[in-house]
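Trainee: whatever this is, show me its structure:
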Amino acid sequence: MRIERGERVDLFASADMGHPLKLREQGRATTVAMFTRNMLCAMAMPHAGLTTANFLDKLLDPGVKLGTSTPRADPSGDYTWAMFRLADRLRPGSFAVLDTKAQQIVGGALPSAPTSSPDPTVTALRDGGVDVSIGYCTSARLRLSQLPTLHIVDIPEALRVGLEYGLALLKDAQPAATGLMLYILSVDGQATLEKFGFRPVGLPSPSAP
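Mentor: Residues are numbered from 1 along each chain as shown. Below is the predicted model:
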């Protein structure tokens, strides 16, 4: 991580809690807070025939090409591999199959998308490199706008993993960074996150006075 190598930042937002907590353990961050949650979704081309009901069968099908982010390089990949481990509990042997077949098209060593299409997931789905890709539900919305034929499929409840996003306020941060952190955690900031498909952690109950 660039921050761990000494790059100067004031506030760090991560798609997991591990990196912010590590910065605090290292003495680089003074405050860590979870600021929202997300979920994984599947993005599938119509010919894949993917549904929530046949989700695991399709992912294990040798004829279905699967795309993911890269574990340890992108939190989305870490969450996806956690989902693979849940699949292995439901159907022993699933992890080995999914770990082997998954093409790590985001954050990995595979060639990136051409500059005319900066999203490698959209490129891989559009060009037939993969039939199904696993990623954040919030990102799925954006990709649907680029590739309207996509099917966005909910992951079965038994395979869902908790996606927790964290903030880390770095040592000697400018005062404005504290203000930004407080805004993100405020009701207004949380409402903005909800508007874009995230699952806020700081909104009052609808029944609250």
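
Trainee: can you show me the strands along the protein?
Mentor: 11-14, 29-38, 40-44, 66-69, 103-106, 132-136, 151-154, 163-170, 199-200 (DSSP state E).

Trainee: contacts made by the last one with the rest, please.
Mentor: Residues lying outside strand 199-200 but in contact with it, judged by Cβ atoms under 8 Å, 6 or more residues apart in numbering, are Thr36, Arg37, Asn38, Met39, Gln190, Ala191, Leu193, Glu194. In this view, the C-beta of every residue, glycine as well, is placed from N, C-alpha and C.

Trainee: what do you get if the cut-off is 6 Å, keeping everything else the same?
Mentor: Thr36, Arg37, Gln190, Leu193, Glu194 (Cβ atoms under 6 Å, 6 or more residues apart in numbering).

Trainee: how deep is the spatially closest residue to the second one that is not a sequence neighbour tucked in, by neighbour count?
Mentor: When the adjacent residues along the chain are set aside, Arg37 lies closest to Arg199, with 4.0 Å between them (Cβ to Cβ, 6 or more residues apart in numbering). Neighbourhood size, Arg199 [other Cβ atoms under 10 Å]: 18.

Trainee: how about Pro206?
Mentor: Applying other Cβ under 10 Å, we find 5 residues neighbouring Pro206.
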